[in-house]
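Visitor: Next comes the sequence, and after it the predicted model I'd like to discuss.
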Amino acid sequence: MILSDGGRTIEAAVPLVKVDNLSVDFKTRNGIVHAVRDVSFELMKGKTLGIVGESGSGKSVTSYALMRILDAAGYIAGGRVRFSSIDIGAATEAEMRDLRGREISMVFQSPRLALNPIRKVGHQIEDVLRQHLQASAANARQKAIEALRHVRINNPEERYHSYPFELSGGMCQRIVIALALACRPQLMIADEPTTGLDVTTQKAVMDLMADLTREHGMATILITHDLGLAASYCDDLIVMKDGEVVESAPAEVLFKAPRHPYTRKLIRATPHGTGTIRELLPEDSPLANRPVPASPKSAEHKTTPILAVKNLVKEYPMKASAARRRGEPAPVFRAVDDISFSVGHGESVGLVGESGCGKSTISAMAMRLLDPTSGSIVFQGQDIGAIPAGRFATSEQRPRLQMVFQDPTDSLNPRFSAARSIADPIRRMGKLGSARAIAERVEQLAELVGFPAHLLDRFPHQLSGGQKARVGIARAIAVDPALLVLDEPTAALDVSVQAVVLNLLVDLRARLNMSYLFVSHDLSVVRLLCDRVIVMKQGRIGEQGDCETVLEHPTNPYTKALIEAIPHPNF
Amino acid sequence: MAKVKTKSSLVLGRVVQAIPTLIGVIVVAFLLTRALPGDPAVYFAGPAATAESIEQVRVALGLDKSMPEQFLIYCRDLMTGNLGESISTGQPVLSDVMSRLPASLELTLTALLLSIGVALPLGILAATQPGTWIDHLCRLIVTAGVSLPVFFTGLLLVYVLYYLLGIAPSPLGRLDFIYLSPPQVTGFYVFDALIAGDAETALAALRQLVLPAMTLGLFTLAPIARMTRAAMLQALGSEFIRTARAAGLGWTKVLFAYALRNALLPIVTTLGMVFSFMLGANVLVEKVFAWPGIGSYAVEALVVSDYAAVQGFVLTMAILFVTINLLIDLAYTAIDPRVGFDG
């Protein structure tokens, strides 16, 4: 097609994917749920489209409908999906099966779960190649190894025999991409491809996907909750909310001049390296214009820290039968390698690093849930590191040192109502005796964290993510702790909910005069909440200092790499 | 290469682990039979015995010695394969057990094959079509299987298939009395008859097997079908199944190579449990069908305080249990590459 039509070729005018008024319904016990309503978009060959939205927005369902791999309860209720010249809604199952993997393929989130755990990765790639007649029994193996090499996996001949559990998360995602690209499809759908990966791995995976799709002239749909990521890698963006498209525009236009209030809210809520914590909230929120309370630093802030950790070491034994036979001492893995730091009264210290850097081990030891191999942990003048973790629960310092856990769902007892979860530590450690006094205290705490009192009788599965996070926080502050350890408290939350929870944490700290040890993988979140930051790598401290200094002028190359890996669009 | 090595050493380690269990079993079998109520010497001296003749019997049985001494003698006998003599049958316990164990094994294995043959497809179908009639049928059979006691289903089958319809042969033992039992090779009548080239006897033995095997199979069908359904449902809901579907893999490939292989672990566990359970618990079936198995042998021995026979039974069962568990663990390592590496 070289026919020209006003400077554009006609071929370019025929979209590869054209979705018109697509609706997807799910049959549930409580009736029909309209998961996706009236969604329309088109995607040209070789272009990249980002679908952005928070959980429950219908972004994943839209993409599943494109491939017709919805759950049994879901079905296309209306509208039309066209791929090239094929009507997806009307195609037979056999036709769809030919299309899947060969013309349209998909990269999923949580790559480790997306691979068959008990099948060699090489065989899984072969399965796809053989299914679509891209390889015969004779050359399947060689083609699978080629596919592995294509996604830049070292030693592909050896990796061919690996099982997913033997590979890192980033490596697994490369395998999933190899699987998706094995048959050179025209369209690749990536559904939150980097969720659960470290930022530096995320960058490597995204760059790899961008390179490969460009190389083959493929079209890509990137589904993500991360506006920054979408804007960095996509030509056009669609923002979805509650199953509907609220705004669609070229990435730059949408990012610079968002029209819809929800888009504006999302952009504001995404931490991006500048601005205050209040600026995460929507403009019309009453909180947004309140000043950020200063850290409640007292006079003794500098002199006597509330928590002082000295030469902390945690070693784990490694499997060592060979060494033992030779009579050598068993090798150990140093998860935490001689760490010293302190948290001042009323200060917030961020502990940042990628998975496996030892930050969670440190927080568990500081919380006295885990015994250190050596070193001291001095809390309010007492060496609590000397008290075994098993007996610390009955120590009088226990209520002074509390924790908010990472997953708001998993950290709540599913059979406890919200009120009982909050009341539990008061019953065990508090001074309040009567049931009425406890109930009053629970209501007071609920109000403090902004948890609606009428929901107190509900169980975790009846609450939203943000509400569960509030219960977790209320439970932690129920016994008036002096130091709160926060282990990625917002990692599992949508950005708009994260914005609210972070603001709540800032206000609570001022109101209750607490100190925070904030564990996170996200430097831009740490910047908003903390005074100081400690960057960790492989069990050691890479760099520490004031947040502003470290983030603006990092001296350590690893800190630099971390900051550079945060996705931010170049416009 | 390194991986192959670890795998074989893993298997070897598991086999070695079975040894302490066996030693424990030997000790427990000894203590258990000594703790049985009743004095075997009194029983075997007969109703007209005097205190003197009872004492004679006691000495003859070695029961007058101290416990540690008795234990040593028992261990020494075990080494030579001597399990003692059954006082009620007058035969060596070993030969008693050896002649009756194949009967039980033949019945149990046939029943197990029968119930796997029905339960596995049923569970898979129910899992692939939840909420449909096949799922409800599966639930009905499972409920019936667990709630109807074997002696009832056994009698019901005998009543319907033998008495009313006359399809099945009379429920009396392993072979109708008009046939001679085939020369023993494996101890399984059907195989032995086939080896001897006697197709008619083989068929007759098979016909005798059908009713008791159905009875037992119906009972064991429930746990297997239920576990298959649950494990398949879980496997089919996994994310790697979605990946496989998104890659366009065919339905059979997804169902068998991806879902079923992953669902196999809990199913194999259930199979092992069911098999062990059947071996010991088919006493009732053996009684109903006059099956000369090891279960009925043990019950008879227990009633008359025939401690050597009981001891032999306990030992045989325990060794079988240990072997089965060993086989299941080895099956795990064959099915799941993660076994032994993530711990």
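Guide: Nice, I can see it.

Visitor: only C-alpha atoms for contact and neighbour calcs from this point on.
Guide: Noted.

Visitor: Stretch B:331-343 - what's its average pLDDT?
Guide: For stretch B:331-343, the mean pLDDT works out to 70.

Visitor: ok, now stretch B:186-198?
Guide: Regarding stretch B:186-198, the rounded mean pLDDT is 83.

Visitor: got the buried residues for that stretch?
Guide: Burial within stretch B:186-198, assessed by neighbour count using 16 or more other Cα atoms under 10 Å in any protein chain shown, is assigned to B:187-193, B:195.

Visitor: what does that stretch contact?
Guide: Contacts of stretch B:186-198 with the rest of the structure, by Cα atoms under 8 Å, 6 or more residues apart in numbering or on different chains, involve B:99, B:102-103, B:106, B:174, B:181-185, B:199, B:201-203, B:205-206.

Visitor: repeat that with 10 Å
Guide: B:98-107, B:174-175, B:180-185, B:199-207, B:209 (Cα atoms under 10 Å, 6 or more residues apart in numbering or on different chains).

Visitor: Could you give the separation of that stretch from the chain centroid?
Guide: Distance of stretch B:186-198 from the chain centroid (Cα atoms, centre = their mean, to the nearest Å) equals 21 Å.

Visitor: all helices for the stretch 401-550 of chain A, in order.
Guide: A:418-429, A:435-448, A:465-477, A:495-512, A:523-529, A:547-552 (DSSP state H, counting those that start in this stretch).

Visitor: what packs against the shortest one?
Guide: Just to be clear, that refers to helix A:547-552. Other elements packing on helix A:547-552 under the criterion 3 or more Cα pairs under 10 Å, 6 or more residues apart in numbering or on different chains; DSSP states H and E are helix A:523-529, strand A:532-537, strand A:540-546, helix A:557-565.

Visitor: Just want the angle from the shortest one to helix A:557-565.
Guide: When you say that, I think you mean strand A:532-537. 100 degrees (axes from the mean of the first three to the mean of the last three Cα atoms, to 10 degrees).

Visitor: Against which helices or strands is strand A:532-537 packed?
Guide: Counting contacts by 3+ Cα pairs under 10 Å, 6+ apart, the secondary-structure elements packed against strand A:532-537 are strand A:332-343, strand A:348-352, helix A:359-366, strand A:515-520, helix A:523-529, strand A:540-546, helix A:547-552, helix A:557-565.

Visitor: So what touches it?
Guide: By Cα under 10 Å, 6+ apart, the surrounding residues in contact with strand A:532-537 are A:336, A:339, A:341, A:343, A:347-359, A:517-519, A:521, A:523, A:526-527, A:540-551, A:556, A:558-559, A:562.

Visitor: So, low pLDDT: which residues of the chain?
Guide: No chain specified, so I'll use chain A. Residues of chain A meeting the criterion pLDDT under 70: A:1-13, A:273, A:294-303, A:319-330, A:570-571.

Visitor: The chain in question should be chain B.
Guide: Low-confidence regions of chain B, defined here as pLDDT under 70, cover residues B:1-7, B:280-281, B:340-343.

Visitor: Near chain A, which residues of it? Just list them.
Guide: Near chain A, the residues belonging to chain B are B:129-130, B:237-251, B:253, B:257-259, B:261-262, B:335-338, B:341-342 when assessed by Cα under 10 Å from any Cα of the partner chain.

Visitor: Just give me the residue closest to the centre of chain B.
Guide: Of all residues in chain B, the one closest to the mean position by Cα atoms, centre = their mean is B:Leu279, 2.7 Å from it.

Visitor: where exactly do the strands run in the stretch 51-200 of chain B?
Guide: Along the stretch 51-200 of chain B, counting by DSSP state E, counting those that start in this stretch, no stretch forms strands.

Visitor: repeat for the stretch 101-250 of chain A
Guide: Counting by DSSP E, counting those that start in this stretch, one finds strands in the stretch 101-250 of chain A at the ranges A:104-107, A:187-191, A:219-224, A:236-241, A:244-250.

Visitor: what angle do the fourth one and strand A:244-250 make?
Guide: To tie it back to what came earlier, the one meant is strand A:236-241. Using the same axes, to 10 degrees: strand A:236-241 against strand A:244-250 is 160 degrees.

Visitor: neighbours around B:Tyr74, how many?
Guide: A count of nearby residues for B:Tyr74, using other Cα atoms under 10 Å in any protein chain shown, gives 17.
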